[in-house]
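*Asks:* have a look at this fold, sequence not included:
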């Protein structure tokens, strides 16, 4: 196999269109969940004084005004209004672009007050990619394959992996090896620990080992991209990543929900057909109902004297 064919096979691996419909729905659903359940503090920025606004670099380059009550509220309304038709496949390119621009502003509002999250990088990449996906993508479509879809989702997958890999790079950049030798995990558990993690405070050696393990784990995540030809292995690695985030949420209450949504593009979501699932559920419910009716005894009436 030549280098060119290997590169093309990696970046342009054909992907069924059904995965596009599924990812559009997940992306729109997350947008509806984020503002009131996952990161409600963003909407509260409409009450924050403009003097506290410290725009990111992109916010300083673009002529974006400081957020006020109407800018924050208007951004949210546009974002939700665009997410709804997009997630159900109605003019997904048009509303996808509107959603991406609105969410872009939403993230500037979220990250311009001293704290910058990296969990939304893969999700923003997903929103951008979905704007350029075929409009005729339907749930459960496994027959029609597209190299363009494969290219787009590969970019999202790279963005997901970069979230891990560059996180390790940032640790070395700002803390060096002192981060891995510090008590950062101990501090995190003292500050945000739960019943699932408090017990680890009695084992400082384990926490020290876990910090080095975190570095190795984050630097090793590009493997999930390289095993794309072995789908079962790739799915197993993705399942491990989901389990890792579940464990982090259980132990520290830290959730990477937008990152997990973007990571779903690794999975064969084209196998999901909502109408077929609804039909089977209805048929199963009807069968159980008929079986219950057949088992009911007929009423017995006693004859009078």
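*Replies:* Yep, that arrived. Predicted, not measured: the structure shown is a model, and the values here were computed from it.

*Asks:* and the strands in the stretch 51-200 of the chain?
*Replies:* Along the stretch 51-200 of the chain, counting by DSSP state E, counting those that start in this stretch, strands occupy 145-146.

*Asks:* tell me where the model's unsure across it.
*Replies:* For the stretch 51-200 of the chain, applying pLDDT under 70 flags no range at all.

*Asks:* the longest helix out of those in the chain - contacts with which helices or strands?
*Replies:* The single longest helix within the chain, with elements called by DSSP state H, is helix 147-175. For helix 147-175, the packing partners by 3 or more Cβ pairs under 8 Å, 6 or more residues apart in numbering; DSSP states H and E come out as helix 3-11, strand 15-16, helix 18-33, helix 121-130, helix 178-181, helix 204-220, helix 223-226, helix 257-263. The C-beta positions use only the backbone N, C-alpha and C, and glycine is treated the same way.

*Asks:* nearest to residue 232, out of those?
*Replies:* helix 223-226 (12.7 Å; Cβ to Cβ).

*Asks:* name the surrounding residues that touch that closest one.
*Replies:* 10, 157, 158, 161, 234, 237, 238, 241, 266 (Cβ atoms under 8 Å, 6 or more residues apart in numbering).

*Asks:* burial count for the fifth one?
*Replies:* Residue 234 has 19 neighbours, counted by other Cβ atoms under 10 Å.

*Asks:* let me know the secondary structure of it.
*Replies:* helix (DSSP: H, G, I helix; E, B strand; the rest coil).

*Asks:* how close does the nearest residue to residue 272 once chain neighbours are set aside get to residue 235?
*Replies:* Computed as Cβ to Cβ, 6 or more residues apart in numbering, the closest residue to residue 272 that is not its neighbour in sequence is residue 22, at 5.9 Å. In this view, residue 22 and residue 235 are 15 Å apart by Cβ to Cβ, to the nearest Å.

*Asks:* equivalent analysis for residue 123, please.
*Replies:* The value you get for residue 123 to residue 235, if Cβ to Cβ is used, is 21 Å.

*Asks:* what do you get for residue 49?
*Replies:* Distance from residue 49 to residue 235, by Cβ to Cβ: 48 Å.

*Asks:* who has more neighbours, those two?
*Replies:* When residue 49 and residue 235 are compared for neighbours, residue 235 comes out ahead with 15 against 8, by other Cβ under 10 Å.

*Asks:* state the distance from the closest residue to that one other than its chain neighbours to residue 84.
*Replies:* Distances taken as Cβ to Cβ, 6+ apart put residue 267 closest to residue 235, at 7.0 Å, once the chain neighbours are dropped. Remark: distance between residue 267 and residue 84 (Cβ to Cβ) = 24 Å.
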